[in-house]
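> fold the following for me, if possible:
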Amino acid sequence: MSASRAPFTASGGGGGREQAQNLLEFDYLVVIDFEATCKKDARIYPQEIIEFPSVLVDGATGRLESAFRRYVRPRHHPVLTQFCRDLTGIQQADVDGGVDLAEALRLHDAWLEAAMAGRPWAKKCGSFAVLTWGDWDCRTMLESECRFKGIAKPPYFDRWINLRVPFEAAFGGGGRINLQDAVKKAGLEWEGRLHCGLDDARNTARLLVAVMHRGVKLCITGSLAPPPPQQQKKPKVSPCNGAADACLCYCGVASREGMVAVPGPMQGKCFMGCGNWTPAMGALCPYFVWCGY
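Coordinates of the predicted model:
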């Protein structure tokens, strides 16, 4: 997306910031697409973010105003699998020289402050929204890793726009179409390397503009709102760490205890996970906390 791009025009004529505000309740979009540790044909646990990319898009013009990327050093699986390196293009030296997730979040916050310099922070918080392709980045990956490691994250990651939703309204197609196919369906050419987080985020930003050209209004589609009060009662199970929230899943079901069986440094350690779990479907939510025994 070129910095010299003219203000976009949705179908029906007009253009500029006033028209864009009719389609978008935010001045800016912060587009993210995390990459995480993985291995072939199996789950890796705990999964950790290894690339933290973000691009800032002006909602009125579609211009990519600024970009951010930090490689993140995984704590529990510090050596990337060959499958992960081949899939993402991230090399061992990249993560070895990376920062931890808490520092990546701090640096991202500082980048966002600088990129939106001149606006009071209180106003900025209401003038931008995080945007993703799917709910995985915010609802599952970042939320579960921050809870797992006890990391505080900025509140703007607690709500987001899943671009899948307005894309369906703009282009149809049904089903869980992937990002690359969505870009093609919108009549765009893929730019960069697939599964490079920063390139994926840039392509998501280009797709965002294509959706807005169709005149589809964008609004928040997902959030991590606290459960209703009746779900916040602590059930009489698990002495896990003595934490107030250690006995209840995000989905409100009493958590279940397990033990790491996979050989390695965490083998034999007990944990509490989502209680709404079946062998066929797995866990309903990403709740996880280590037990204090």
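> hey, where'd the strands end up in the protein?
With DSSP state E, the ranges of strands along the chain come out as 28-32, 35-36, 49-58, 64-71, 128-132, 159-162, 222-223, 256-259, 270-273, 277-278, 282-283, 288-290.
> any idea which of those is most buried?
strand 28-32 (a mean of 26; mean count of other Cβ atoms under 10 Å). For every residue, glycine as well, the C-beta is placed using N, CA and C.
> might one say that residue 203 is in contact with residue 190?
Yes - applying Cβ atoms under 8 Å, one finds residue 203 in contact with residue 190, separated by 6.2 Å.
> between the two, what contacts are shared?
180, 183 (Cβ atoms under 8 Å, 6 or more residues apart in numbering).
> number of nearby residues for the residue nearest to residue 45 when sequence neighbours are not counted?
Using Cβ to Cβ, 6 or more residues apart in numbering and skipping the chain neighbours, the partner closest in space to residue 45 is residue 262 (7.7 Å). Neighbour count for residue 262, taken as other Cβ atoms under 10 Å: 8.
> where's residue 262 relative to residue 40, distance?
Look at residue 262 and residue 40: by Cβ to Cβ, to the nearest Å, they are 16 Å apart.
> now swap in residue 211 and tell me
On the measure of Cβ to Cβ, residue 211 and residue 40 end up 33 Å apart.
> looking only at neighbour counts, state which of the two leads.
residue 211 (23 against 10).
> the more buried one touches residue 217, doesn't it?
No - contact criterion Cβ under 8 Å: residue 211 and residue 217 do not qualify, at 9.9 Å.
> who touches both of the two?
residue 166.
> look up how far residue 46 lies from residue 92.
Taking Cβ to Cβ, one finds residue 92 at 19 Å from residue 46.
> how about residue 139?
For residue 139, the distance to residue 46 (Cβ to Cβ) stands at 16 Å.
> same question for residue 220.
28 Å.
> more neighbours: which of these two?
Neighbour totals were compared for residue 220 and residue 46, and residue 46 leads with 20 against 14 (other Cβ under 10 Å).
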